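**Q** this is a predicted model, with the sequence first.
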Amino acid sequence: MTAFFVGIYSCESTFLQEPSVSGQANISTVYSSSVNAISALMQCYRFSLGQGIPNYGIGNSSYIANGNLGNLTDELCRGYSWETYYSLSSLGFDANGHTDDNYALDYSNIRANWLVAENIDKVPDMSAADKATIKAEIAGLNAYTYLGMFYRYGGVPIVTKSFLPTDNLDVPRASLDSTLQYTLQLCNQAIAGLPNSWSANMTGRLTSGAVMAMKARLLMYAARPLLNSTTPYLDNGSNNNLICFGTKASPSRWDDAITANLAVLTWANQNGFAIINTGGAGTNAPDPNAMADYGTATSTPNNQEVILAYKQDDPNNDQQCIGWYFDYSNYQQNSRYEDQLDGTLYNFFVNYYNADGTDPSDSWPKPGDAARPATDYITRTAALEPRFHADQLCPGQDPSISNNPGDANWNIIGWNSDLENHSATYPGGSYGEGCCTTTKFYYHAGSRLWFEMPLFRMAEIYLNLAEAYNEAPDRNVNLALQYLNTVHNRAGLPSITETDQTKLRAIIHREWAIEFFLEGQRLFQVKHWKLANIGTEILGGPVMEFQFKVTGASNNNLAANLVNYWNAVTYTKFWSPRMFMDPIPQSEINKGVAVQNPGY
């Protein structure tokens, strides 16, 4: 048996991954009733939509634990030394073969999904229509898995059924184009068979619009320069077709992406989904609702901007398998312990605009500059845009401008032990690490520590269109600006008017960074954009953080107890061009079937 599909046959507690004869008895039991079959389907949701989520492989030692993908980019510090991301340091994998999506589980999940699709017709108390819908859901879940593998690895093995021990398991990697076409096929199958909505108690199951959004994201990655090239980022000899389109590269891929994203907008307009903007889009006046609108879009379960979220329905059962998918709160430990050293890096911090739309990035202290009074930090951060205050908590910040005003659970008054110094490295004391600490996903959260991660938001569709119209062969700068400003204005910022393609591209990239902070997009986008500073400021190079001198009083985060601050390089991250794509785990390469990505 070829170990390429080791994840498929790994020992799991669930019957869904048992291909043996004894497993057939379990399958018979599962598909003897609709209740059991739906439970099996929910397991598929739990794991398939958990791709790339730290700790989603609960009970399996091959997952990445602690923190989130922000630790691999310029978004967050690497955390404590015992955390997995501390050793990953932007590599995307570690010495144990852990990858950010847990490659082995991708194929384990695909097998589990196919088992549901192949056995659902056995259920005696389920209508033919419901069975057809579940098959469409399985196509959508597999499309999501292949989407994630497409932009992580390039071409991957295509598995179209649940393999038996007697099957030939020596399935090689398919070409990049074949992987794209197969994923599009799954998307189209799902879109055709899924409903536009579900009843309230079933919210979170795939809709046709959710899979349309998957298709739109897939075609954006197919159009971006990393893959949409006649030559790969590194030569891979006769296997270049695994990591670039080669002769099938074309600028018209941007047109395909535009068509797919416009289809999502049409669906959204017909089904009640929209950008949340109660302050009126298109105006240049200050918007008092900007923080509330953005905060609601990223934090409030089942809001009209979220097309699909990773559901969680048991706030009292942290890190356990539950009725829907499972508790996502380990993405950010809001017991406020694991997150103590997960502050926001200066490398990312400088993306935020001032609330009046001006760019403050050049005004912040640089490494080597003299320390400034803490009042300078307090004044300058108070002037930043509403999304900053929805996403971040700053030492010295007035609780009234936080994303939970008057709530000690979410402001500096209640966060003393978490923001104080935790290392003798920082003379005079400092709060945690980074320039501030994140409170994203917790706008007006109260005592809620769990959250439902948005997997697809309407803001993504608008920024997709802004990017695609700016890059398409028949460039339409007016539409690019229109879609960009739909998101930018919602943040309370005046309209962007830049028309130069290169400058506008950088502005769109910046908007992506701010709007989707910690939503798991940045690690892959910066690679596929092939940004010039990817190895010097984003995924590699010096890591910069603000340091604070404090009085040593009981709460070092209060403005009165902050003395001064400065910028410092605290560690350096490694970057190599091989890291544009993730490696196939070496344990799989050693079996002689899979081909490795170049440089590993």
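**A** Received the coordinates, thanks.

**Q** Gly79 and Asn71 touch, don't they?
**A** Yes. Here Gly79 lies in contact with Asn71, judged by Cβ atoms under 8 Å, at a distance of 6.1 Å. Placement of C-beta: from N, CA and C, glycine included.

**Q** which of the two has more neighbours?
**A** Neighbours per residue, other Cβ atoms under 10 Å: of Gly79 and Asn71, the larger number sits with Asn71, 25 against 22.

**Q** just say helix, strand or coil for that one.
**A** Three-state assignment for Asn71 (DSSP: H, G, I helix; E, B strand; the rest coil): helix.

**Q** next, count neighbours for the residue nearest to Leu147 when sequence neighbours are not counted.
**A** Leaving out its chain neighbours, the residue that sits closest to Leu147 by Cβ to Cβ, 6 or more residues apart in numbering is Leu218, at 5.1 Å. Using other Cβ under 10 Å, Leu218 is surrounded by 26 other residues.

**Q** just the pLDDT for Leu218.
**A** Note on Leu218: pLDDT of 98.

**Q** show me what contacts it?
**A** With contacts defined as Cβ atoms under 8 Å, 6 or more residues apart in numbering, the neighbours of Leu218 are 143, 147, 150, 180, 183-184, 187.

**Q** with neighbour count added, can I get those residues in a markdown table?
**A** Below are the contacts of Leu218 laid out as a markdown table (neighbours: other Cβ atoms under 10 Å):
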| residue | neighbour count |
| --- | --- |
| Ala143 | 27 |
| Leu147 | 21 |
| Phe150 | 22 |
| Leu180 | 24 |
| Thr183 | 26 |
| Leu184 | 19 |
| Cys187 | 26 |
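
**Q** ok, those vs Pro598, which is closest?
**A** Distances from Pro598 to the contacts of Leu218, taken as Cβ to Cβ, are shortest for Phe150 (17.2 Å).

**Q** assess the claim that Gly414 and Ala408 are in contact.
**A** Yes. Counting by Cβ under 8 Å, Ala408 is a contact partner of Gly414 at 3.5 Å.

**Q** the two: who's more crowded?
**A** A direct count of neighbours by other Cβ under 10 Å for Gly414 and Ala408 places Gly414 higher, at 16 against 11.

**Q** could you look up the SS state of that one?
**A** coil.

**Q** per-residue pLDDT of it, please?
**A** At Gly414, pLDDT is 70.

**Q** which residues touch it?
**A** 407-408.

**Q** do that again at 6 Å, thanks
**A** Ala408 (Cβ atoms under 6 Å, 6 or more residues apart in numbering).

**Q** and for Ala513?
**A** Going by Cβ under 6 Å, 6+ apart, the list of residues near Ala513 reads Asn351.

**Q** if we go to 7 Å?
**A** 348, 351, 522 (Cβ atoms under 7 Å, 6 or more residues apart in numbering).

**Q** and it, what element?
**A** helix 501-515 (DSSP states H and E).

**Q** show me what counts as buried in that helix.
**A** Neighbour-count burial for helix 501-515 flags 504-505, 507-515 (criterion: 16 or more other Cβ atoms under 10 Å).

**Q** please apply the same query to stretch 246-256.
**A** 249, 253-256.

**Q** list the contacts of it.
**A** Against stretch 246-256 from outside (Cβ under 7 Å, 6+ apart): 177, 219, 222-223, 228-230, 240, 468, 471-473.

**Q** for those, give me a markdown table that also has secondary structure, neighbour count and distance to Lys366.
**A** Converted to a markdown table, the contacts of stretch 246-256 look like this (DSSP: H, G, I helix; E, B strand; the rest coil; neighbours: other Cβ atoms under 10 Å; distance: Cβ to Cβ, whole Å):
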| residue | secondary structure | neighbour count | distance to Lys366 |
| --- | --- | --- | --- |
| Asp177 | helix | 18 | 45 |
| Leu219 | helix | 25 | 39 |
| Ala222 | helix | 26 | 38 |
| Ala223 | helix | 25 | 36 |
| Asn228 | coil | 21 | 36 |
| Ser229 | coil | 16 | 35 |
| Thr230 | coil | 12 | 39 |
| Asn240 | helix | 20 | 41 |
| Ala468 | helix | 30 | 35 |
| Glu471 | helix | 23 | 32 |
| Ala472 | coil | 20 | 37 |
| Pro473 | coil | 10 | 40 |
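
**Q** number of nearby residues for Cys436?
**A** As a measure of burial, Cys436 has 25 neighbours, counting by other Cβ under 10 Å.

**Q** report the longest helix in the protein, please.
**A** For the chain, the helix with the greatest residue count under DSSP state H is helix 128-153.

**Q** next, the buried residues of the longest strand seen in the chain.
**A** Counting by DSSP state E, the longest strand found in the chain is strand 562-573. Within strand 562-573, the residues that count as buried by 16+ other Cβ under 10 Å are 562, 564-568, 570, 573.

**Q** thinking again about what came up before, ok, which pair from the buried residues of stretch 246-256 is furthest apart?
**A** Across the buried residues of stretch 246-256, no pair lies farther apart than Ala249 and Asp255, at 13.8 Å, counting by Cβ to Cβ.

**Q** right, I'll call it a day here.
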